[in-house]
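*Asks:* Sequence and predicted structure, then a few things I'm wondering about:
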Amino acid sequence: MNLLDIVIKDAINTDLQSTDREGTLLEMLTLLVSSGTVSEDLKGEFHKAIIKREKRGSTGFGHGVAVPHIKHEAIKTMAVAIGVSKSGIDFNALDGNPVHSIFLLLSPENQPNEHLEAMEAIFGNLSQETFRRFLLQANSPEEVLVLLGEADTSQIDS
């Protein structure tokens, strides 16, 4: 699965303003609403579902990354929002360090295999130190899209 196929181009923010996990998740959901991917009336419900998922176990996996995710019956098409925080956010990450790069994944409840494929594509890239470094250095959504395109291409080549 290619990241460019699931990342919403209008839901990329390389300068997140929130300083805590809940605010960051709301900020990223707002990106998905303004892009037309999520309806405004579902934003609160999705936010609660993501927070509930976070309370079961942090999706801050270490190395400055987090991949909050939910499956929900109201989601018809898989969507990913990307946020970058230059200062870092306390995400209750497993390694105790602040999170700088967040991939928020929303998946249809009835597509568990596609959800796993998306998680593999995201983690496959976030596990690479070079990818994380370039993502953190990105100053615009366009720079993130170029990085994702390069990652998708190298995934095909390998």
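*Replies:* Everything's here; your move.

*Asks:* When you work out contacts or count neighbours from here on, use the C-alpha atoms and nothing else.
*Replies:* Will do.

*Asks:* Assign residue 12 to helix, strand or coil.
*Replies:* strand (DSSP: H, G, I helix; E, B strand; the rest coil).

*Asks:* Any buried residues in stretch 86-106, and which?
*Replies:* For stretch 86-106, a neighbour-count test (16 or more other Cα atoms under 10 Å) marks 86, 88-89, 91-94, 97-106 as buried.

*Asks:* who touches that stretch?
*Replies:* Residues from elsewhere that reach stretch 86-106, judged by Cα atoms under 8 Å, 6 or more residues apart in numbering: 15-16, 18-21, 25, 28, 58-72, 75, 78-85, 122, 132, 135-136.

*Asks:* and the residue most central in space within the chain, how far is that from residue 33?
*Replies:* Nearest to the mean C-alpha position of the chain, by Cα atoms, centre = their mean, lies residue 103 at 1.2 Å. To residue 33, residue 103 is 16 Å away according to Cα to Cα, to the nearest Å.

*Asks:* and the helix or strand where residue 135 lies, what's its mean pLDDT?
*Replies:* Here residue 135, judged by DSSP states H and E, is contained in helix 129-137. Averaging pLDDT along helix 129-137 gives 95.

*Asks:* Can you spell out which helices and strands pack onto it?
*Replies:* In terms of contacts (3 or more Cα pairs under 8 Å, 6 or more residues apart in numbering; DSSP states H and E), helix 129-137 is packed against strand 79-89, strand 99-108, helix 112-126, helix 141-157.

*Asks:* now those in JSON lines, with distance to residue 50?
*Replies:* Shown next, in JSON lines, are the helices and strands packed on helix 129-137 (distance: least, Cα to Cα, whole Å):
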{"stretch": "strand 79-89", "distance to residue 50": "13"}
{"stretch": "strand 99-108", "distance to residue 50": "9"}
{"stretch": "helix 112-126", "distance to residue 50": "15"}
{"stretch": "helix 141-157", "distance to residue 50": "24"}
